[in-house]
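Enquirer: generate coordinates for the sequence data below:
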Amino acid sequence: MSVAAVQSFYSRWARLYDLLATAPGVTAWRRRTVAALDLGPGDTVVEMGCGTGANLPHLRDAVGPEGTVLGFDLAPGAVAHARQRIAREGWDNAHVALADATNPPVSGSVDAVLATFVVGMFEDPAAVVADWADLADGRVALLNFQRSDAVLAQPLNLAFEAFVWLSSPGRSLTAESPAAALDRRVSAARAALTERAAERRYETFGGGYLGLLSGHVGT
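Expert: I've put the predicted structure just below:
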């Protein structure tokens, strides 16, 4: 998918996305994901594909006022929402920028990297995650949607595929469905993190439709 398609799609739907991304059940997923980073006061964490900033409150709680939270996203509309959230809360240690998560403007190492619902957009997610692992000296966490393996959930997998199609920028009728592309890219991203990381943890929740992989990289 093109950069222009991603920017247009997520800017257009930023307000609706923010409402969904901060719903009570989704908020619990986000807290659980941030907890997997094992952050402490004073840490620096980078979120790749921060969207409207739904994870920012949880990341800032984890690093405290003495830590630093950085977020990058391609969609101007989403970044604008994230900046409004930061200004509304008066956080002086949380910053977001319009930037490509495949080439984040960060020099030196950080304590953790977070990516929620984003690796499925990359043409080469394995290479991107490997670069994130080079950047981090701590934990990397990837949260993604996936088909559920639960027996009772099988009838819902068709609905899941429709959801993925509707939420895919630049969607079109191709030989590979958006859900199949998502599965392939998420699997590649997880394989790259698994190869690089120690102390790995993998868990599923949300009826099996969410998978969270985290691991420690660096020294």
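
Enquirer: pLDDT on stretch 67-81, on average?
Expert: What stretch 67-81 shows for mean pLDDT is 95.

Enquirer: all helices for the protein, in order.
Expert: 3-12, 14-21, 24-35, 56-63, 76-89, 125-135, 157-166, 178-196 (DSSP state H).

Enquirer: and the top strand by length along the chain, how far out from the chain's middle?
Expert: When every strand of the chain is counted residue by residue (DSSP state E), the longest turns out to be strand 136-145. Centre-to-centre, strand 136-145 and its host chain are 8 Å apart (C-alpha atoms, centre = their mean, to the nearest Å).

Enquirer: again, but for stretch 74-89
Expert: Using C-alpha atoms, centre = their mean, the offset of stretch 74-89 from its chain centre is 16 Å.

Enquirer: the chain should start at 130 in everything you say after this.
Expert: Sure, I'll start counting at 130 from here, so that last one is stretch 203-218.

Enquirer: alpha carbons of that stretch, in CSV - could you do that?
Expert: Provided in CSV are the C-alpha atoms of stretch 203-218 (Å, rounded to 0.1, in the frame of the first residue of the first chain):
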residue,chain,number,x,y,z
LEU,A,203,2.6,8.9,8.8
ALA,A,204,-0.9,10.3,9.0
PRO,A,205,-1.1,14.0,9.6
GLY,A,206,-4.7,13.8,10.9
ALA,A,207,-3.7,11.1,13.4
VAL,A,208,-0.7,13.0,14.6
ALA,A,209,-2.8,16.1,15.1
HIS,A,210,-5.1,14.2,17.4
ALA,A,211,-2.1,12.8,19.4
ARG,A,212,-0.7,16.4,19.8
GLN,A,213,-4.1,17.6,21.0
ARG,A,214,-4.1,14.8,23.6
ILE,A,215,-0.6,15.8,24.8
ALA,A,216,-1.5,19.5,25.0
ARG,A,217,-4.8,18.7,26.8
GLU,A,218,-2.9,16.6,29.4
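
Enquirer: what does it contact?
Expert: 132, 135-136, 138-141, 143-144, 146-147, 178-182, 185-186, 200, 202, 223-230 (C-beta atoms under 8 Å, 6 or more residues apart in numbering). Quick note: C-beta positions are derived from backbone N, CA and C, even for glycine.
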